[in-house]
Structure formats: structure tokens, C-alpha cells
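A.B. asks: need coordinates for the following:
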Amino acid sequence: MNRIKEVLDSKGIKQTWLADKLDKSYNMVNSYVQNRRQPSVEDLYRIAKILDVSVKDLLVDNKVK
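C.D. replies: Coordinates of the predicted model:
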């Protein structure tokens, strides 16, 4: 799972803007945001760079404490 939705919301950025920057369709980005589909590692790094966050900020830690 990823935290793309939370990061977009916190920065006030629309999915359509991110789709344009990634050169992907809105439907693809929406699939990432809704966690129906996970971006490739390369796309995850591109998203992090575009949003000016660490890749770690886009990921959910599934480590059980």
C-alpha cells in the first residue's frame, strides 16, 4: 500500500496535475491513489521527486511492532 493520497491532500495537489507531470492517464494515477494498483519502483521514485518528498513518505510501514 502507498500513501500517495495523503501526500497529495496535504500538499493540496490534484490527481490530474500529478497525472500530467507523470505523463500517465488520470485513471492510472487514480488507481495508484486508491491503492487498486501499485506504481512501479521507477514511477514511485518519479512521484516522490515530483512531490518533493522522500520515497519513504509514500510508503506504508507494514512492520508489526
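
A.B. asks: sketch out the low-pLDDT regions of this structure for me.
C.D. replies: Scanning the chain for pLDDT under 70 picks out 64-65.

A.B. asks: gap between the residue nearest to residue 48 when sequence neighbours are not counted and residue 42?
C.D. replies: Once flanking residues are discounted, residue 48 sits nearest to residue 55: 4.5 Å by CB to CB, 6 or more residues apart in numbering. Just so you know, the C-beta spots here come from the backbone N, C-alpha and C atoms, and that holds for glycine as well. Applying CB to CB, to the nearest Å, the value for residue 55 to residue 42 is 11 Å.

A.B. asks: cool, residue 63 as well?
C.D. replies: From residue 63 to residue 42 the distance is 24 Å (CB to CB).

A.B. asks: show me which of these two is the more surrounded one.
C.D. replies: residue 42 (8 against 5; other CB atoms under 10 Å).

A.B. asks: am I right that that one is in a helix?
C.D. replies: Yes: the assignment for residue 42 (DSSP: H, G, I helix; E, B strand; the rest coil) places it in a helix.

A.B. asks: buried ones in stretch 17-28, by neighbour count?
C.D. replies: Neighbour counts over stretch 17-28 (16 or more other CB atoms under 10 Å) mark 18-19, 22, 24 as buried.

A.B. asks: residues in contact with the closest residue to residue 3 other than its chain neighbours?
C.D. replies: The shortest distance from residue 3 to any non-neighbouring residue, by CB to CB, 6+ apart, is to residue 58 (5.5 Å). Neighbour list for residue 58: 2-4, 7, 44, 47-48, 51 [criterion: CB atoms under 8 Å, 6 or more residues apart in numbering].

A.B. asks: now, those residues that are in helices?
C.D. replies: 4, 7, 44, 47-48, 51 (DSSP state H).
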